[in-house]
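Novice: Would you be able to build a 3D model of this:
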Amino acid sequence: MDLIKKGIIKGNLKGGEKLPSVRELAEKLKVNPNTVQKAYQELEREEIIFTLRGIGSFVTEDKNKILKLKENMAHEILKNFVKNMKELNISDEEILDLVSKFLKEGKI
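Specialist: Below is the predicted model:
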């Protein structure tokens, strides 16, 4: 699921683009087809992809859903980052200073 979500957010998978079949993706990722099927079902439940019976699965064309997906994933990353920093007893001000310094140095 994360692989597909990141592909959508990064623009590698465009709105309306057809996804590989369950078997194709399972073979490529070296996982059980049931794993891919469950991921596709969950992505469809989240309305990130849709399936046309007999044709295949496609990325949503709803730009608002894609934007919300991006925001949710960013929020989760930030939540984990701040939690880890707090476990190191780093204050909010120190976190902001460290992030600002890191971004200015361009070490990404």
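
Novice: Domain map for this protein?
Specialist: Domains of the chain are assigned by automatic domain parsing as 2-61, 64-105.

Novice: where's Phe58 relative to Val82, distance?
Specialist: Taking C-beta to C-beta, to the nearest Å as the measure, Phe58 falls 35 Å from Val82. Glycine gets a C-beta too; all of them are placed from N, C-alpha and C.

Novice: The helix ranked longest in the chain packs against which elements?
Specialist: Using DSSP state H, we find that the single longest helix of the chain is helix 63-87. Where contact means 3 or more C-beta pairs under 8 Å, 6 or more residues apart in numbering; DSSP states H and E, helix 63-87 is packed against helix 2-10, helix 92-105.

Novice: Point out the most buried one among these.
Specialist: Comparing the helices and strands packed on helix 63-87 by mean neighbour count (mean count of other C-beta atoms under 10 Å), helix 2-10 ranks first with a mean of 15.

Novice: For that one, the averaged confidence score.
Specialist: Computed over helix 2-10, the mean pLDDT rounds to 96.

Novice: Report all helices and strands that it contacts.
Specialist: Going by 3+ C-beta pairs under 8 Å, 6+ apart, helix 2-10 lies up against helix 33-45, helix 63-87.

Novice: what residue ranges in this protein are flagged as low confidence?
Specialist: Within the chain, the ranges that satisfy pLDDT under 70 run 107-108.

Novice: Tell me which of the helices and strands packed on helix 2-10 is the most buried.
Specialist: Per stretch, and counting mean count of other C-beta under 10 Å, the top mean among these goes to helix 33-45, which has a mean of 15.
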